[in-house]
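Chemist: Predicted model and sequence follow; I will ask about them next.
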Amino acid sequence: MSIEVKVPNLPESVSDATVAKWHKKPGESVARDENLVDLETDKVVLEVPAPADGVLKDISAEEGQTVSEGEILGLLEEGKAQAPAEKSGEDGDSRKNEEDSGGKPAESSAPSRPAQADESAARKTGSDDKLAPSVRRLVAENDVDPSAVEGSGRGGRLTKGDVLAHLQGAGARPQERVKMSRLRSRIAERMKDAQNTAAILTSFNEVNLQAVMDIRARYKDDFLKRHDVKLGFMSFFVKACCEALRKHPVVNASIDGDEIVYHGYQDIGIAVSTERGLLVPILRNVEQMGLAQIEGAIAEYAEKARKGSIQLEDLQGGTFTITNGGVFGSLLSTPLLNMPQSAILGMHAIKERPVAENGQVVVRPMMYIALSYDHRIIDGKDAVQFLVAVKQALEDPARMLLGL
């Protein structure tokens with residue numbers, strides 16, 4: 001019995017999706033609940049599982065195609081997979097004749113030619129019907145004659161590497177056009193909206209992280225044993241921002257039309273970099289969480305983001321965002337707002353620098369921090385005082401952790 005594989009119910013506010021990747025080909029067997037195909041939306045990747053054991057019979061929506069809720073993606077033939085059939089045609093007949101003649105090639109009155117030779121001949125005559133789409137595009141964009149390139153793929157087919165090597169050897173400057181993913185398009189749209197809508201300004205400060213590093217060095221092993229999660233820097237920054245947001249609630253506010261919405265809770269987004277792009281999962285009611293809960297939630301979100309299993313609801317909402325460019329080596333930056341939020345804190349690389357303490361020059365682990373904010377509702381005074389509050393909480397973490 002044939003079963004239709006359809007686009008599942010899409011998350012709220014998502015009207016369509018793009019077929020990102022098929023994990024099975026027609027004719028391949030699948031198990032019930034095995035992932036058949038990935039669908040990409042503006043924010044998340046949805047997995048479409050097989051509804052039953054069987055064989056993928058047909059694919060109706062190819063990779064890159066836009067589909068809507070309920071649309072048919074393919075057909076699944078319920079039951080067990082069949083063993084691949086014996087190849088027929090000249091190549092199969094030739095092998096049978098060889099077996100009949102004791103392993104020696106049998107004579108034939110009609111000339112025959114292996115499929116590999118057919119493909120090679122087709123390529124050498126300039127035909128591109130055997131080329132993969134990406135190779136065909138690269139050949140067309142760089143005006144390359146396929147017959148002039150030696151193929152290293154199966155049956156002598158051309159690969160992208162073959163074409164690129166040919167172009168480099170010819171002194172050409174190759175280029176490739178790749179359509180933006182749904183996530184990348186959405187990121188570009190939101191970043192441009194932020195610049196076009198908000199009056200963005202950035203203020204800076206620096207933090208001496210010696211006290212935080214001392215606490216981590218002293219308690220990290222016990223923390224790991226007790227909570228089964230590593231004690232990182234991010235949880236200290238999240239708690240420090242909670243303290244600063246409590247003192248300066250306008251930084252935790254947002255604009256809705258002609259009204260300012262003051263949020264009585266702190267839902268903080270943590271920017272996570274993935275192969276698909278930047279995602280910002282939300283830690284909700286962070287003001288009620290301890291360091292272990294924060295570290296555990298961050299680790300869980302990071303793993304889900306890397307696996308592509310993060311849900312849309314994990315990314316919605318949020319009143320404030322923290323982004324850490326320091327993990328990539330950034331020394332200083334001006335982060336863009338995550339609209340409709342009104343502020344975002346940028347962390348950066350920790351560098352040992354000489355500083356003055358009690359009239360003496362000492363070397364300390366220092367970090368520049370940046371606060372980008374919407375100047376429409378946040379004045380410079382509030383932004384600067386917020387950064388000072390973050391700095392004070394991190395440089396004297398004991399007071400922060402004791403609630404003083």
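Modeler: Arrived safely, thanks for sending. Bear in mind the structure is a predicted one, so any value in this text is a computation, not a measurement. Numbering: from 1, shown residues only.
Chemist: Cross-check the contact I'm expecting between Gly62 and Val19.
Modeler: Not Gly; residue 62 is Glu. Yes - using CB atoms under 8 Å, Glu62 is in contact with Val19, at 6.5 Å. Glycine gets a C-beta too; all of them are placed from N, C-alpha and C.
Chemist: Which one's more surrounded, these two?
Modeler: Val19 (22 against 9; other CB atoms under 10 Å).
Chemist: Give me the packing partners of whichever strand or helix holds that one, helices and strands only.
Modeler: Assessed by DSSP states H and E, Val19 sits inside strand 16-22. Applying 3 or more CB pairs under 8 Å, 6 or more residues apart in numbering; DSSP states H and E, one finds that strand 16-22 contacts strand 35-40, strand 66-68.
Chemist: Mind putting these into JSON lines with mean pLDDT?
Modeler: Converted to JSON lines, the helices and strands packed on strand 16-22 look like this (pLDDT from 0 to 100):
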{"stretch": "strand 35-40", "mean pLDDT": "89"}
{"stretch": "strand 66-68", "mean pLDDT": "90"}
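Chemist: which of these sits most buried?
Modeler: strand 35-40 (a mean of 20; mean count of other CB atoms under 10 Å).
Chemist: Tell me the strands beside the helix or strand just after that one, with direction?
Modeler: Later in the chain than strand 35-40, the nearest helix or strand by DSSP H and E is strand 45-49. With DSSP bridges as the test, strand 45-49 is paired with strand 35-40 (antiparallel).
Chemist: show me where the protein has helices.
Modeler: For the chain, the helices defined by DSSP state H cover 90-100, 115-124, 133-141, 160-169, 182-197, 210-227, 234-247, 291-307, 380-395, 397-401.
Chemist: just to revisit the earlier point, same list (the helices and strands packed on strand 16-22) but as JSON lines, adding distance to Lys239.
Modeler: Rendered in JSON lines, the data for these read as follows (distance: least, CB to CB, whole Å):
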{"stretch": "strand 35-40", "distance to Lys239": "35"}
{"stretch": "strand 66-68", "distance to Lys239": "43"}
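Chemist: which one of the ones you listed lies closest to Thr197?
Modeler: strand 35-40 (26.0 Å; CB to CB).
Chemist: between the closest one and strand 16-22, how big is the angle?
Modeler: Counting by axes from the mean of the first three to the mean of the last three CA atoms, to 10 degrees, strand 35-40 lies at 140 degrees to strand 16-22.
Chemist: Pull the distance from strand 35-40 to the chain's centre.
Modeler: 15 Å (CA atoms, centre = their mean, to the nearest Å).
Chemist: got it, and stretch 333-347?
Modeler: Computed by CA atoms, centre = their mean, the chain-centroid distance of stretch 333-347 equals 19 Å.
Chemist: Skipping its backbone neighbours, what lies nearest Asp33 in space?
Modeler: Leaving aside its chain neighbours, Asp33 sits nearest to Pro49 (4.6 Å; criterion: CB to CB, 6 or more residues apart in numbering).
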